[in-house]
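# Dropping a prediction and its sequence here:
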Amino acid sequence: MSTKSVSKVLDKFNKLRIHKWRKSIESLAVELNPIIRGIKNYYCKFWSEHTHYLWWQLNARLLKWVQWEKGLYKKAALRWLRNKYRESPRLFPHWELVYP
């Protein structure tokens, strides 16, 4: 994945301003999953290792959303997001690539 492609996708994530959405995580997943699947299908068709930075950035934005939505500090928000992953590991398509 080229640097230009990464910056374009990250710019799209920035424009979405995920951390400002006031919704449940399930409805957040419903709106983000088509975008994530499109990126995953296009860039990860043959090899997914080059997109780890991209998924890490998306997870950072999700963590920021948890902090804003739940009013938690970073460690508590990270714990909340990990628990959500344990409850439903297929909530976001990119979680299948990043986590075992």
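Sure, I can see it. Fair warning: this is a prediction, and the values are worked out from it, not measured in the lab.
# Spatially central residue for the protein, please.
Residue closest to the average C-alpha location in the chain (C-alpha atoms, centre = their mean): Leu58, at 3.5 Å.
# Touching, it and Asn33? I think so.
No - Leu58 is not in contact with Asn33 according to C-beta atoms under 8 Å; the separation is 11.7 Å. The C-beta positions use only the backbone N, C-alpha and C, and glycine is treated the same way.
# what is in contact with the two at once?
Jointly contacting Leu58 and Asn33 under the rule C-beta atoms under 8 Å, 6 or more residues apart in numbering are Phe92.
# and the residue nearest to the centre of the chain, what does it touch?
Phe13, Ile36, Phe92, His94.
# of all those, which two lie farthest apart?
For the contacts of Leu58, the maximum inter-member distance is 12.7 Å, found between Phe13 and Phe92 (C-beta to C-beta).
# Those two: who's more crowded?
Phe92 (23 against 18; other C-beta atoms under 10 Å).
# Spatially nearest residue to that one (excluding sequence neighbours)?
Of all residues not flanking Phe92 in the chain, Ala29 sits nearest, at 5.7 Å (C-beta to C-beta, 6 or more residues apart in numbering).
# Helix or strand for that neighbour, just tell me which one.
For Ala29, the host element (DSSP states H and E) is helix 25-43.
# Next SSE downstream of that helix?
With DSSP H and E setting the assignment, the helix or strand that follows helix 25-43 is helix 52-70.
# between that next one and helix 25-43, how many degrees?
With axes from the mean of the first three to the mean of the last three C-alpha atoms, to 10 degrees applied, the angle from helix 52-70 to helix 25-43 works out at 170 degrees.
# Go through helix 52-70 and flag the buried ones.
For helix 52-70, burial by neighbour count (16 or more other C-beta atoms under 10 Å) applies to Leu54, Trp55, Leu58, Asn59, Arg61, Leu62, Leu63, Trp65, Val66, Gln67, Glu69.
# In terms of secondary structure, what does the helix or strand just after it contact?
For helix 52-70, the succeeding helix or strand toward the C-terminus, using DSSP H and E, is helix 74-87. Packing partners of helix 74-87 (3 or more C-beta pairs under 8 Å, 6 or more residues apart in numbering; DSSP states H and E): helix 52-70.
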